[in-house]
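Chemist: mind looking at a prediction? Sequence and model below.
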Amino acid sequence: MLKGKRVFVSGGAGVIGTELVSKLIDAGATVFVGDLKPRPEHWPKSVRYRQGDLNEITKDELLEFSPEYFFHLAATFERSEESYEFWDENERHNVNLSHHLMDCLKDCTSLERVVFASSYLIYNPELYQFEQAAASATSLIEHAPIYPRNLCGAAKLMHEIELRFLQQHSTAHYTAVSARIYRVYGKNSRDIISRWIQALLNNETIQVYRKEGMFDYIYANDVAEGLLRLAISEATGVVNLGNGNARKVEEVLNVLKLHFPSMKMIEGVSDIPYEASQADMTYYEVLTGWRPERQIEDTIPELITHYRSKQGTSLQQAGIGAVMVSSVSRKVPLLKCIAKGIQKLGQPIQIVGADSNANALGRYFTDSFWQMPRLDQMSFEELLAACVEQNIKYIIPTRDGELTFFSEYKQQLYRKGIHVMVSDPEAVETCLDKLKFYRRGLELGFSVIPTEEQMDHLKASSLVVKERYGAGSESIGLNLSQEEALIHALTLKEPVYQPYIPGEEVSVDVYVQKNGRCKAAVVRKRELVVNGESQITTTFREEALELQCAEFAEKLGLYGHAVFQVMIDQVGGYHFIECNSRFGGASRLSIEAGLDSFYWFLLEAAGSDLEEYPFVRSAKEKRLVRYAEDLIQ
């Protein structure tokens, strides 16, 4: 029934998710997975993958996929007692995440079915927790009294109620079912059975508490099967999903003892209550005609084989590292964009702001600040030493004057495990030099505004005069007569001349991948420009220009974020003015429109293939208005 269906799975790289995705692939579904973890290497290319925090996924991204089925597995939890730090984690990755994903999908016209991985932790613990060991387990039925025993259980209950609310009020044609799942164990999990097996394979002593406790252990593969069967059933509301056969901790130890005869264990003292719970699977079986049959005796040997095959192959994960943003100055919008990209990736990457000015305002929007020496006073060895000391793994240059420096050392830094978002030296030099940009653009066959060092070489009555090197600024002279142009040129260091072309100047943000292919292009109008930077800018669609900019960027050999300035003349013709091979002052708008430069940069640095991450442009056009804002600390 799922063949050809489009299925979105949140948390699909987890212990249940990997099993579920494999079953969906076998069923012939088109699968889109979102998870904080990197993409599992064994998955086929047909699985669309999005690594990162799903709190940051947009409605546009999800609606572009048009899911018909949604399995919501993503969640966070702590195995024993919840710590004080879990307060914030639960709010973001349980409460907020569930609400956000359904907020994106609640009006999705393609959606047919929602399957939510809930938890038995919703039931009142007084039903199944005791001061003394129980003689038998309590079978929990779906309408048993509820009183969530911790934050995670409360978050699960909240979303069950949200789904019920949507079912009552939504006009969409989807149904929802919440599976209250019991004690899951499986491959690559943090569950106690997996931890014990890995410890015993390493000849370690295992720690045991309250071995008289009874739990409904259900194998992750069976959970995945159970969720699939619920998805294709008519079930709605709440349904138990467990093994239905509680086993004492002591029974688990006895099975392990059969496979590890010399097993060593220590019984610890604990004041936690004895648990004795199991799922009443009667309702589930009526709905689906199935129930899990495999017991710990059947599945533990499979887990032992799995973890034995993993011995000696897993490497310790390298440190995440920090991203250094150079010349932070007053570039608060840029720093916010980078912070958003990091948050979207969902990794604990710190931002190190760097500037030669100790009083740079940008330092108050970073995690730490480095008063960096001037680049003309710093050697590569000194830069590398500073990066190692501050655990910097990523560098984002932000000023024209430093692009050449970082470009020249880009490959050396890469060999040291440091990724720099900058183009190669030739491309950087071409973009910094307007005369060279004109000549190179002409060679490549693009309509670039003629640029000359001598005014006499141009046949134009109205002229533009600007500095040859660097981005446009307040020193530019526009629509000048030849006499005015000569006078203005005296105020510049190295002036160049261009014909003045009436029309509308626009900016085009692009991102070019490591493989040299342009990922995306977004065009925006510059409605108000102050000192060379857009203060009000609005996106619009101009597909022919987007394609030209993408092609031009590729032929120039750019990498990362760049901004083209283009004049659209009065008859709709395009004239390239210049290209800045860095993030622009108002480029944040293009990020909001879907050109996710910093997220993509971090993904590529982590080894992800950006071809798997489609560019999803916002359905609605957006406007950026720059204004002053106070920061209270």
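Modeler: Received, thanks.

Chemist: for stretch 299-306, buried residues please.
Modeler: Under the neighbour-count criterion of 16 or more other C-beta atoms under 10 Å, stretch 299-306 has 299, 300, 303, 304 buried. For every residue, glycine as well, the C-beta is placed using N, CA and C.

Chemist: my bad, stretch 3-21
Modeler: Residues of stretch 3-21 classed as buried by neighbour count (16+ other C-beta under 10 Å): 5-21.

Chemist: right, and the helix or strand after the longest helix along the chain?
Modeler: Assignment by DSSP state H gives helix 151-169 as the longest helix of the chain. Scanning forward in sequence from helix 151-169 by DSSP states H and E, the next helix or strand is strand 175-181.

Chemist: who's in contact with that next one?
Modeler: 16, 112-120, 122-123, 142, 156, 159-160, 163-164, 166-167, 218, 223, 226-227, 230-231, 233, 235-242, 279 (C-beta atoms under 8 Å, 6 or more residues apart in numbering).

Chemist: any idea which helix or strand comes after that strand?
Modeler: Counting by DSSP H and E, the next helix or strand C-terminal to strand 175-181 is strand 183-185.

Chemist: who touches the longest helix of the chain?
Modeler: With C-beta under 8 Å, 6+ apart as the criterion, helix 151-169 contacts 72, 75-78, 82, 86-87, 90, 94-95, 98-99, 102, 106, 114, 116, 118-119, 121-122, 146, 148, 172, 175-176, 178, 180, 236-238.

Chemist: try 7 Å this time
Modeler: 77, 82, 86, 90, 94-95, 98-99, 102, 106, 114, 116, 118-119, 121-122, 146, 148, 176, 178, 238 (C-beta atoms under 7 Å, 6 or more residues apart in numbering).

Chemist: just the ones of the residues you listed in strands?
Modeler: Under the assignment DSSP state E, those contribute 114, 116, 118, 119, 176, 178, 238 to strands.

Chemist: neighbours around the fifth one, how many?
Modeler: By the other C-beta atoms under 10 Å criterion, the neighbourhood of residue 176 contains 23 residues.

Chemist: mean confidence score for the longest strand along the chain?
Modeler: What stands out as the longest strand in the chain, according to DSSP E, is strand 518-530. Strand 518-530 shows an average pLDDT of 92 in the prediction.

Chemist: what pairs with the following helix or strand past that strand, parallel or antiparallel?
Modeler: Going down the chain from strand 518-530, the next helix or strand is strand 533-540, by DSSP H and E. Partners of strand 533-540 in the sheet, by DSSP bridges, are strand 518-530 (antiparallel), strand 623-625 (antiparallel).

Chemist: any weak-confidence spans in the stretch 1-150 of the chain?
Modeler: Along the stretch 1-150 of the chain, the parts satisfying pLDDT under 70 run over 79-80.

Chemist: okay, strands next: where are they in it?
Modeler: Under the criterion DSSP state E, counting those that start in this stretch, the stretch 1-150 of the chain carries strands at the ranges 6-10, 30-35, 48-51, 69-72, 113-119, 129-130, 138-140.

Chemist: packing partners for the shortest one?
Modeler: What that stands for is strand 129-130. Taking 3 or more C-beta pairs under 7 Å, 6 or more residues apart in numbering; DSSP states H and E as contact, the helices and strands that strand 129-130 lies on are strand 274-275.

Chemist: residues contacting the strand it packs on, please?
Modeler: Applying C-beta under 7 Å, 6+ apart, the external contacts of strand 274-275 come out as 128, 129, 130, 132, 133, 134, 210, 212, 213, 214, 215.

Chemist: hey, what's the second one bridged with?
Modeler: It refers to residue 129. Beta bridges link residue 129 to residue 275, judged by DSSP bridges.

Chemist: what does the last one give?
Modeler: In this structure, residue 215 has beta-bridge partners residue 247, where bridges are defined by DSSP bridges.

Chemist: and it, how many neighbours?
Modeler: Other residues close to residue 215 by other C-beta under 10 Å number 23.

Chemist: contacting residues for it?
Modeler: Residue 215 makes contacts with 183, 246, 247, 275, 277, as judged by C-beta under 7 Å, 6+ apart.

Chemist: what is the burial count for the third one?
Modeler: Other residues near residue 247 come to 21 when the count uses other C-beta under 10 Å.

Chemist: okay, among the contacts of strand 274-275, which ones form the most distant pair?
Modeler: Greatest spacing in the contacts of strand 274-275, by C-beta to C-beta: 132 and 215 (16.8 Å).

Chemist: thinking again about what came up before, compare the strands of the stretch 1-150 of the chain and give me the one nearest residue 286.
Modeler: Of all these, strand 138-140 comes closest under C-beta to C-beta, at 15.2 Å.
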